[in-house]
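Enquirer: I need the structure of the sequence given here:
(one chain, ligands or ions: 2)
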Amino acid sequence: MDTTEPASTASRALPTPAQLRESQPRPAALAEQIEGHRRAIRRILTGEDDRLLIVVGPCSVHDEVAALEYGERLATLADQVSDRCLLVMRAYLEKPRTTVGWKGLLYDPERNGEGDLEQGLIRSRRLLLNLAELGLPLATEALNPIAADYLGDLVSWTAIGARTTESQIHREMASQMPMPVGFKNGTDGTHGMALNAMKSAAGSHHRLATDEHGRPAMLRTPGNPDTHLVLRGGRGITNYDADSVAAATAQLRESGLNPAVMVDCSHDNACKDHERQALIARDVMAQRQAGNRDLVGLMLESFLVPGKQKDDGELTYGQSITDPCLGWEATEALIRELG
Ligand SMILES: O=C[C@H](O)[C@H](O)COP(=O)(O)O
Ligand SMILES: C=C(OP(=O)(O)O)C(=O)O
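Expert: Ligands and ions are numbered 1, 2, ... in the order given. Presented below is the predicted three-dimensional model:
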């Protein structure tokens, strides 16, 4: 028998979601703005609004100053293209890792491996408030269900990532979310599990969760009718081409689900080559122009400076430390061309 003691686990109390929200409240005008953004996204998903939904921004936020500068530029562009596109900024504070790695501003804001969830939560909420004040709708990936309780009131569109689409816990969480939710296809490139996720999230669940005061609670969820599929490729297979999109939308229809699809131009669709994102976006637009109105949205990973860098010394301002991103100039030119 192995008698080795497990490594000791240190515990640090955190503010409750209610306490954090109270210390950094969402003003009433912002609440109205966010509800308006959620409605606008829903209208695109149901086809009532023909504009293109574009979720665009850094793979991850590691530097709030650079994220805010990006947000300012995006807000200006969003106004200029608003007749054709609805731009939603990726403000991703939690990163799912294939094995291990930095998990995002929320967990380890100083990126020194020590972790500081209290500061991470405070800084994440402050950043979302500052970005929302720019008038931008915001997107995040909801990874830890408890984190969503601290930040979800500031978010207009949520992703459930490729690594968690099959998780019942995430489907239950999505079923309670007050905003549209995109389920990514799995990391193997198949989309069946995302369709199952949409069916599950549409229904009501009894969730074992915590309430806004951090107390364990049984929550009965209302079900979320505003979910959709995000095609992101997987294991060397891309799935943004017309045949793959047609196969996915046919299956969505057969399952009685909304056929509205977003193509993630990054991740396995781009084989992690950020420059391919523009080619993919143009291919999707050509499909739209050829009459495919099930294609309602695009996701782009984009930051101020193109590419990515290792986080092991002096950093280049505005460049990703996770997946490679399009730079600002290429992003702006591409978005002006789309729609
Ligand atoms: O979007 C970011 C990454 O693709 C995801 O977090 C996985 O990253 P990793 O494979 O580098 O851990
Ligand atoms: C992690 C992400 O995507 P995926 O779940 O598709 O890998 C992401 O969009 O940051």
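
Enquirer: residues making contact with the one helix or strand residue 151 maps to?
Expert: For residue 151, the enclosing helix or strand under DSSP states H and E is helix 145-151. Helix 145-151 is contacted by residues 17, 20-21, 93-94, 106, 121, 124-125, 128, 140, 142, 158, 169-170, 172-173, 177, 209-210, 212 when judged by C-beta atoms under 8 Å, 6 or more residues apart in numbering. For every residue, glycine as well, the C-beta is placed using N, CA and C.

Enquirer: mind running it again at 6 Å?
Expert: When contacts are defined by C-beta atoms under 6 Å, 6 or more residues apart in numbering, helix 145-151 is touched by residues 17, 20, 121, 125, 128, 142, 173.

Enquirer: swap in stretch 71-91?
Expert: Here stretch 71-91 makes contact (C-beta under 6 Å, 6+ apart) with 40, 51-55, 57, 131, 134-140, 157, 332, 339.

Enquirer: What are the buried residues along that stretch?
Expert: By neighbour count on 16 or more other C-beta atoms under 10 Å, the buried set for stretch 71-91 is 71, 74-75, 77-78, 81, 85-91.

Enquirer: now that stretch: mean pLDDT?
Expert: Mean pLDDT, stretch 71-91: 98.

Enquirer: got it, and stretch 322-334?
Expert: 98.

Enquirer: Which phi and psi values does residue 300 adopt?
Expert: phi -130, psi 140 (degrees, to the nearest 10).

Enquirer: Test my guess that it contacts residue 265.
Expert: Yes. Look at residue 300 against residue 265 with C-beta atoms under 6 Å: they come within range, at 5.5 Å.

Enquirer: what touches both of those two?
Expert: residue 277.

Enquirer: Between these two, point out the one with more neighbours.
Expert: Neighbour totals were compared for residue 300 and residue 265, and residue 265 leads with 30 against 27 (other C-beta atoms under 10 Å).

Enquirer: if I read this right, the more buried one contacts residue 281, doesn't it?
Expert: Yes. At 5.1 Å, residue 265 and residue 281 qualify as touching, with contact defined as C-beta under 6 Å.
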